[in-house]
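Asks: Here is the input, now give the coordinates:
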Amino acid sequence: MSVKPVPAGYHTVTPWIISRDTVRLIDFMKRAFGAEELACLAGEDGSIEHAEVRIGDSVVMLFDARPEWPPTPGFLRLYVEDADAVHRQAIEAGGTSVTEVTHLFFGDRVGRVRDPLGNLYWIQTRVEDVSPREMERRLGDPEFTKAMNDVQGADFFPDRTATATER
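Replies: Okay, the predicted model is just below:
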């Protein structure tokens, strides 16, 4: 039997989230997104050296940051059956709505949530298939332009305001 280069249950790309409190983050992910904890290994000092959760069909790996490391928030897109329901569930689990769920020009309903540790999630559901021609037309529609600007804003860090050069 040959060894598979990509293990069963994983995809070509597996995101890592480096956290200040991985145990708390896993709890949030369970409550917000129905994550299943696959592994959580603590070091001698009690910090989490390796953890994995499965959300839907994808694995997300996590571990605790070293104290001297700068913050490194994760940015994840989650395709779900019902973006509105999952957005509400993430808020109920302790997240903060950054962008309410809205219909975007390319056919998805999208909302953003920041978890209690500063990671950002784009929660999306495809609601229509849109042709390239229709997408181009919609890019000129003020309603779709405003919605797109809202979900591209950088005002998701709670402790700072974006400077003019960052916008």
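Asks: Surely residue 6 touches residue 12?
Replies: Yes - between residue 6 and residue 12 there is a contact at 6.4 Å, judged by CB atoms under 8 Å. The C-beta positions use only the backbone N, C-alpha and C, and glycine is treated the same way.
Asks: in the protein, which spans are helices?
Replies: Using DSSP state H, the helices of the chain run over 22-33, 83-92, 132-139, 142-152.
Asks: Including distance to residue 55, could those helices go into TSV?
Replies: Rendered in TSV, the data for those read as follows (distance: least, CB to CB, whole Å):
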stretch	distance to residue 55
helix 22-33	5
helix 83-92	10
helix 132-139	28
helix 142-152	20
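Asks: Please convert the ones you listed to a markdown table, extending it with mean neighbour count.
Replies: Shown next, in a markdown table, are the helices of the chain (neighbours: other CB atoms under 10 Å):
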| stretch | mean neighbour count |
| --- | --- |
| helix 22-33 | 20 |
| helix 83-92 | 18 |
| helix 132-139 | 12 |
| helix 142-152 | 14 |
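Asks: now for these, which one comes closest to residue 119?
Replies: Across these, residue 119 has its closest neighbour in helix 22-33 (7.3 Å, CB to CB).
Asks: if I pick the nearest residue to residue 31 once chain neighbours are set aside, what's in contact with it?
Replies: Of all residues not flanking residue 31 in the chain, residue 93 sits nearest, at 3.7 Å (CB to CB, 6 or more residues apart in numbering). Contact analysis of residue 93 by CB atoms under 8 Å, 6 or more residues apart in numbering lists 28, 31, 32.
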